[in-house]
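Enquirer: When you get a sec, could you give me coordinates for this:
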Amino acid sequence: MVVFTIEKHYIDDMIAHARREAPIECCGVLGGKDGRVLKLYQATNAEQSRYCYNIEPQELFRINQECEENGWQFLAIYHSHPDSAAYPSPTDVRLAALWPESLYFIVSLLSPENPEVRAFRIRDGVVTEEKIEIV
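Expert: Purely as a prediction, here's the structure:
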């Protein structure tokens, strides 16, 4: 099993973003190289919804452009679930078809004082949890 290693401050940043945006879902991208996260991009949820997310298109373009200029990849896409568990919803599974190679982090605020962060691969509608190591 492949383990995705991520520095704790990126996990903390995702949780802080989720808390700031609640009760709507937050979203963003983890950019990096060779499996190592080098930058967390907080983005605007164009849907302004507590049930789904869509990274604002101009922001997505800017993030993609910066990653390309640095020779980075989209290692992961993250979003929050303000009112539900850290597990992909049917909407999340459907949207993942657009970025099948990405890892998907979900931050759950179901228990606000004890947020949960989990990571998944979603390919062809199949959800597989990925082990993460926080360093």
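Enquirer: where does F4 land in three-state SS?
Expert: Of the three states, F4 takes strand under DSSP: H, G, I helix; E, B strand; the rest coil.
Enquirer: where does the most centrally placed residue in the chain fall, phi/psi-wise?
Expert: Centroid-nearest residue in the chain, with CA atoms, centre = their mean: Y78, separated by 0.8 Å. Here is the backbone geometry of Y78 (degrees, to the nearest 10): phi -120, psi 150.
Enquirer: where does the protein have low pLDDT?
Expert: Low-confidence segments of the chain (pLDDT under 70): 1.
Enquirer: Can you show me the helices along this structure?
Expert: Applying DSSP state H to the chain gives helices spanning 8-21, 57-70, 90-95.
Enquirer: could the ones you listed go into JSON lines alongside mean neighbour count?
Expert: All C-beta atoms are positioned from the backbone trio N, CA, C, and that covers glycine. As requested, the helices of the chain are exported to JSON lines (neighbours: other CB atoms under 10 Å):
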{"stretch": "helix 8-21", "mean neighbour count": "17"}
{"stretch": "helix 57-70", "mean neighbour count": "14"}
{"stretch": "helix 90-95", "mean neighbour count": "15"}
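Enquirer: Surely P112 and R19 touch.
Expert: Yes. The criterion here is CB atoms under 8 Å, and P112 meets it with R19 at 7.4 Å.
Enquirer: Which of the residues in stretch 107-124 are classified as buried?
Expert: 107-109, 115, 117-122 (16 or more other CB atoms under 10 Å).
Enquirer: I appreciate the help and will end here.
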